[in-house]
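S.K.: The following block contains a protein sequence and its predicted model.
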Amino acid sequence: MRKIVISTGGGDAPGLNAVIFAIVKSAYKLGWEVYGSKHGYSGFFNGNDLIRLTPKDVEGIIPIGGTILGSTNKGNPFAMPIENIAGDITLKDVSDRAMDNFKQMGFSCHIAIGGDGSLEIAHRFALKGMPVIGVPKTIDNDLEATDRTFGFDTAVATASDALDKLHSTAKSHDRVMVVEVMGRDCGWIALYSGISGEADVILIPEIPFDMTAVCKKITNNELHGKPYSIVVVAEGARAKDGDVINQGKGETGREEMVLGGIGQWVADEIRQRIGKDTRSLVLGHLQRGGSPTTFDRMLALRFGAAAVRMAQENIFDQMVAWIPPTMSSVPIEDAIRERKQVDLESDKVQTARDIGICLGDHDPADLD
């Protein structure tokens, strides 16, 4: 009898429950027990946050967004926020306690579902001797070792649907609509949704943009009988002569990089430069919510089943990776070494240029 514990950390993503479903069903077929740690690693410290998961418990959860285990962005056992009597918060390493509890509870494997931050924590536990398997989860699709991460397709579908709706209101009022999407310092969501949502301008972190080129594209639309424009901007995009906009403090209250605000900045610049009626919209966490698409459900189920197969073969400190057409395993350390940015030579970028989308890097003369 083996005992597996699952954790879900970082931002939520559509498809998390499908991974949990596949792990539970696959493990029980082998006669193993499965437990879930609620809110990241909370179950490693508090028995009330450790729940038994049976096939009956996961019945019907595949189409449900979010995670039945809950998640957190601030539960790092290697730097746990501890508040003292005076109300001051300090960071304390409680990883040894988590290791001791893991062993005492008789677990033989920990399947960590998360993005680069969560997987880095999992790798550090692996170095301490914990049998760990990683499952890649991020709507940003920015993990280098896997062709795709679950949640990305749903996020793109949500953003594309929003762009479809914005076309009608922008056209009705002859406005420029600037839509800010997630993605951190990678432009995958902006690029995919912008192309499929018929945007006029797409601004991504990989291409520092020139506002002159952006405004020229909008003006050209007017000259060619299109008095409205749609601009999609990734939250980590920046102008050629500017910096990434940092909102200041994160959820823990400490100073850290919190992206957001570039959409409003671009809208203000357009309004000031060409006097065009402009509105901005931040999609924000809408991109994380909702039922996963069929593609994300299938991908998540494949990830979960593959993770159990890896556990059966004692393949640890590895992450499940989709390298089409098969599921493979890669060292977690390699998977989180760097983020996967948009290849500017790819056919996707070329497609955007071919159909007349401005990426903010053209000389204004090229847009005539």
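M.R.: That came through fine.
S.K.: Show me where the stretch 201-350 of the chain dips below the pLDDT cut-off.
M.R.: Within the stretch 201-350 of the chain, the stretches with pLDDT under 70 are 248-257.
S.K.: and the gap between residue 284 and residue 113?
M.R.: 22 Å (CB to CB, to the nearest Å). (Glycine included, C-beta is placed from N, CA and C.)
S.K.: Check residue 165 too.
M.R.: Distance from residue 165 to residue 113, by CB to CB: 32 Å.
S.K.: more neighbours, the two?
M.R.: residue 113 (32 against 11; other CB atoms under 10 Å).
S.K.: host element of the nearest residue to that one once chain neighbours are set aside?
M.R.: Among residues not flanking residue 113 along the chain, residue 135 sits closest, at 4.4 Å (CB to CB, 6 or more residues apart in numbering). Assigned by DSSP states H and E, residue 135 falls within strand 132-136.
S.K.: buried residues in the next helix or strand after that strand?
M.R.: Downstream of strand 132-136, the next assigned helix or strand under DSSP H and E is helix 152-173. Using 16 or more other CB atoms under 10 Å as the test for burial, helix 152-173 gives 152-160, 162-163, 166, 170.
S.K.: partners of the strand holding residue 135, with directions?
M.R.: strand 109-114 (parallel), strand 318-323 (parallel) (DSSP bridges).
S.K.: Break this structure down into its structural domains.
M.R.: 3-150+292-335, 155-288+343-367 (automatic domain parsing).
S.K.: Include distance to residue 294 and pLDDT when you put the buried residues of helix 152-173 into JSON lines, please.
M.R.: Formatted as JSON lines, these follow (distance: CB to CB, whole Å; pLDDT from 0 to 100):
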{"residue": "152", "distance to residue 294": "14", "pLDDT": "95"}
{"residue": "153", "distance to residue 294": "9", "pLDDT": "96"}
{"residue": "154", "distance to residue 294": "10", "pLDDT": "96"}
{"residue": "155", "distance to residue 294": "15", "pLDDT": "95"}
{"residue": "156", "distance to residue 294": "13", "pLDDT": "96"}
{"residue": "157", "distance to residue 294": "10", "pLDDT": "96"}
{"residue": "158", "distance to residue 294": "15", "pLDDT": "95"}
{"residue": "159", "distance to residue 294": "17", "pLDDT": "95"}
{"residue": "160", "distance to residue 294": "15", "pLDDT": "96"}
{"residue": "162", "distance to residue 294": "20", "pLDDT": "95"}
{"residue": "163", "distance to residue 294": "21", "pLDDT": "96"}
{"residue": "166", "distance to residue 294": "25", "pLDDT": "94"}
{"residue": "170", "distance to residue 294": "30", "pLDDT": "90"}
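S.K.: now these in TSV, with distance to residue 66?
M.R.: Shown next, in TSV, are the buried residues of helix 152-173 (distance: CB to CB, whole Å):
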residue	distance to residue 66
152	16
153	16
154	12
155	14
156	18
157	16
158	14
159	18
160	21
162	20
163	24
166	26
170	31
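S.K.: Quick check: nearest residue in space to residue 291, chain neighbours excluded?
M.R.: Using CB to CB, 6+ apart, the closest residue to residue 291 is residue 63 (4.8 Å).
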